[in-house]
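Visitor: One predicted model, sequence on top.
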Amino acid sequence: MAMISFESYEAQKITEGFEKVLVKDWAPHFANEPHSHDWDTEALVAEGEFWLSIHGKKHHFKTGDTFTVLKGEVHSETYGPQGAVFWAARKN
């Protein structure tokens, strides 16, 4: 299945009530500490792969996968050898 464009993804998410859509570009092997955000995020992995640790479980995401992190959920990420790019739609 062909990937949609960023512009199409952004338009869809704005229609769904998200306030902003960002391109997040992560370096190879980057890992961050557990943290949370003051917004809900729905995202699409556009390139690469990463592991999201949330609710005591580690989930693997790769190009074409989607994921959700709700406001206040403590989570951390570890990125693969090629890093990753995802499109993150945010809603307060």
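Guide: Okay, I see it. Residues are numbered from 1 along each chain as shown.
Visitor: centroid residue for the protein?
Guide: Most central in the chain under Cα atoms, centre = their mean is Ala43, positioned 4.0 Å from the mean C-alpha point.
Visitor: distance of it from His59?
Guide: Ala43 sits 12 Å away from His59, going by Cβ to Cβ, to the nearest Å. C-beta here means a position set from N, CA and C on the backbone, and glycine is covered the same way.
Visitor: Next: Met3.
Guide: Separation of Met3 from His59 (Cβ to Cβ): 20 Å.
Visitor: Ok, His75 next?
Guide: The gap separating His75 from His59 is 10 Å, by Cβ to Cβ.
Visitor: cool, Glu33 as well?
Guide: 18 Å.
Visitor: Can I get the longest strand along the chain as PDB, trimmed to CA atoms?
Guide: Secondary structure of the chain per DSSP state E: the longest strand is strand 75-91. Extracted in PDB, the C-alpha atoms of strand 75-91 (Å, rounded to 0.1, in the frame of the first residue of the first chain):
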ATOM      1  CA  HIS A  75       6.100   6.800  27.900                       C
ATOM      2  CA  SER A  76       9.600   6.600  26.400                       C
ATOM      3  CA  GLU A  77      11.000   5.800  23.000                       C
ATOM      4  CA  THR A  78      14.100   4.100  21.500                       C
ATOM      5  CA  TYR A  79      14.800   4.600  17.800                       C
ATOM      6  CA  GLY A  80      16.300   2.100  15.400                       C
ATOM      7  CA  PRO A  81      19.700   2.200  13.500                       C
ATOM      8  CA  GLN A  82      18.200   4.500  10.800                       C
ATOM      9  CA  GLY A  83      16.400   6.700  13.200                       C
ATOM     10  CA  ALA A  84      12.700   7.500  12.400                       C
ATOM     11  CA  VAL A  85      10.400  10.200  11.100                       C
ATOM     12  CA  PHE A  86       6.800  10.400  12.200                       C
ATOM     13  CA  TRP A  87       4.000  12.800  11.600                       C
ATOM     14  CA  ALA A  88       2.500  13.700  15.000                       C
ATOM     15  CA  ALA A  89      -1.000  15.200  15.200                       C
ATOM     16  CA  ARG A  90      -1.600  17.000  18.600                       C
ATOM     17  CA  LYS A  91      -4.800  17.900  20.300                       C
END
